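Asks: here is a sequence together with a model predicted from it:
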Amino acid sequence: MKFLDTRIIKNGEKSIAKYLFMGMAMFSFAMLSSCSKDDKGPEDIPVIADFSVENNSFVDLNGSVSFSPSITNDIASTYSWTVNGKEVSTDKDYTFTPSAYGSYEIKLSVTNALGKAEKSVTLRVAKYHGGFFIISEGAGGITGTVNYYDPAAKKVIEKVNEQEGNSTSNLGKVSQYGTIHNNTLYVTSKNEGIYLTAFNIFDMAVESRLDMSAYSNSASPMEMGGYAFVPVDDNYAVFTTTQGAFQVSLNPLSVVKKLEHSGSTTQEAGYDWTNNTPIMVSVSGSGNAVVSDGNIFVSDAAEGILVYSAADFSYKQTLNIKATGGMVKGNDGNIWVIDNSDLTKINPQTFASETVSLTGVSLSYSWDYKGWKAGQLTASSKGNVLYMTEGGYSPVKVYRYEMGSTALPAEPLIEIPAGWYIYGCLAEDSETGDIVVLCAPSDYSAKNRVMIFSAEGEIKETIDYGDGTFYYSAMSIFYK
């Protein structure tokens with residue numbers, strides 16, 4: 001019995017020791033696991049789930065935007081709101097009230113004992129937004145101008161380029177092309193000089209102006225002109241002129257070099273109304289440009305389409321394709337150009353091309369009238385569709401072309417009412433699909449009209465403006 005008792009006791013001691021060891025091991029593992037979290041589990045760090053304000057939205061000057069963020073794991077947190085890097089509040093909620101035009105980064109930092117979370121949004125405070133700028137040539141003593149269509153008021157605000165203390169001569173004699181890039185509106189001008197003017201998009205103050213008249217090899221002011229301006233990246237752009245195509249630095253605004261193989265040709269310098277013929281002069285002619293797939297495509301009156309590297313602006317090759325009626329990048333990723341009735345599709349990577357002749361409708365243009373810009377041809381962002389006007393000096397019809405078709409529809413999508421004709425470029429609102437048509441009066445009186453059509457060709461708005469002023473509006477540029 002003692003042996004058994006002793007054995008049982010000893011076995012019991014072994015069992016107790018065994019379970020004591022296992023319990024201590026499990027306790028140690030639990031402690032180790034707890035420490036391995038370092039008290040920073042993802043379920044404990046604050047998370048800003050919702051900012052309540054859409055990024056890149058607009059705010060009116062002296063208006064207000066309230067931020068009421070939704071924060072999870074908001075335990076004993078501290079808050080820090082900054083505007084463009086400067087702390088403005090330590091409350092959980094914040095109301096932003098801008099007192100100056102510009103771009104503002106609003107950032108919230110939330111910190112507790114276990115970690116930190118940040119979220120930011122950019123807000124724009126612009127004098128003109130939601131509609132489109134109208135680049136106008138000017139005539140009858142009026143120089144180039146920038147007007148603006150305000151969709152809320154359904155009216156055109158005139159000469160916004162002359163506001164904010166700007167000089168009235170900040171553009172050239174004739175302005176016909178513009179583009180918005182990195183919060184700057186660039187406008188080119190021609191006749192009596194080659195000019196490029198940069199406006200701050202928020203308040204339309206002039207930031208800088210590039211005069212390239214010194215690059216002209218012509219003694220005639222009519223033979224000098226800036227055509228298209230197309231940014232390639234955040235540092236450089238291609239600027240096409242009567243004297244060829246140039247690489248331009250954006251900061252500071254300056255010429256880097258003239259691009260190789262920009263040719264010379266003739267362009268229309270005026271019109272002989274007595275003999276009813278255009279007056280032609282000999283000039284260089286680099287027109288519209290498109291950037292796609294690491295390449296720059298420049299339409300050139302003498303050479304065809306010149307292709308350059310977007311990386312260093314070096315010459316690659318010349319495509320024997322004319323683009324007298326315009327050049328655009330389609331929604332299908334291809335480059336589309338028109339020359340008289342020939343519509344050509346170009347693969348931007350391989351440069352392979354395919355041409356279809358659109359017979360039955362006159363699509364003939366002179367180089368000077370349309371070739372330097374996307375005037376006759378406009379690409380839709382809503383599908384594989386191109387819009388184009390009929391040819392001639394006073395077109396009144398707009399056609400819709402479905403990519404892949406072998407002909408234009410028999411009937412136009414849009415026909416302008418009697419007494420008016422299409423003067424400038426077509427433009428599409430990428431949000432609504434609406435089409436903007438700029439018109440001039442057939443009797444050449446001092447009147448101006450903007451017409452807005454739906455994608456189905458239904459008239460939505462007709463806005464007459466600038467009575468008594470010759471604007472000759474050339475291009476619309478949306479800013480939304």
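Replies: Now that the structure is in, tell me what you want to look at. Fair warning: this is a prediction, and the values are worked out from it, not measured in the lab.
Asks: helices along the chain, start to end?
Replies: 2-36 (DSSP state H).
Asks: hey, which helix or strand in it has the poorest pLDDT?
Replies: helix 2-36 (a mean of 41; mean pLDDT, DSSP states H and E).
Asks: hang on, residue 215 packs against residue 196?
Replies: No - contact criterion CB atoms under 8 Å: residue 215 and residue 196 do not qualify, at 11.7 Å. C-betas here are computed from N, CA, C, even on glycine.
Asks: of those two, which one has the most company?
Replies: residue 196 (25 against 15; other CB atoms under 10 Å).
Asks: what number of residues are in the vicinity of the nearest residue to that one once chain neighbours are set aside?
Replies: Excluding the flanking residues, the one nearest residue 196 by CB to CB, 6 or more residues apart in numbering is residue 210, at 4.2 Å. For residue 210, the count of nearby residues is 21 (other CB under 10 Å).
Asks: for the spatially most central residue of the chain, give the beta-bridge partners.
Replies: Nearest residue to the geometric centre of the chain (CA atoms, centre = their mean): residue 180, 5.3 Å. Beta-bridge partners of residue 180, counted by DSSP bridges, are residue 185.
Asks: so who does it touch?
Replies: Listed by CB atoms under 8 Å, 6 or more residues apart in numbering, the contact set of residue 180 reads 186, 201, 477, 479.
Asks: from those residues, which land in strands?
Replies: Using DSSP state E, the members of the contacts of residue 180 that fall in strands are 186, 477.
Asks: show me where pLDDT drops low in the stretch 251-400 of the chain?
Replies: Counting by pLDDT under 70, the low-confidence segments of the stretch 251-400 of the chain come to 263-270, 279-284, 365-375.
Asks: buried residues of stretch 391-399, list them for me.
Replies: 391-392, 395-399 (16 or more other CB atoms under 10 Å).
Asks: contacts made by that stretch with the rest, please.
Replies: Contacts of stretch 391-399 (CB under 8 Å, 6+ apart): 325, 340, 361-365, 369, 376, 387-390, 408-409, 412-416, 420-422, 426, 435, 437, 442, 453, 457.
Asks: go with 6 Å
Replies: 362-365, 387-390, 408, 412-416, 421-422 (CB atoms under 6 Å, 6 or more residues apart in numbering).
Asks: cool, stretch 465-476 as well?
Replies: So stretch 465-476 is contacted by 132, 134-137, 139-140, 142, 156, 158, 176-178, 423-425, 427, 436, 438, 440, 446-448 (CB under 6 Å, 6+ apart).
Asks: what's the average pLDDT for it?
Replies: Mean pLDDT, computed over stretch 465-476, is 91.
Asks: name only those of the contacts of stretch 391-399 that count as buried.
Replies: Using 16+ other CB under 10 Å, the buried ones in the contacts of stretch 391-399 are 363, 365, 387-390, 408, 412-414, 416, 421-422.
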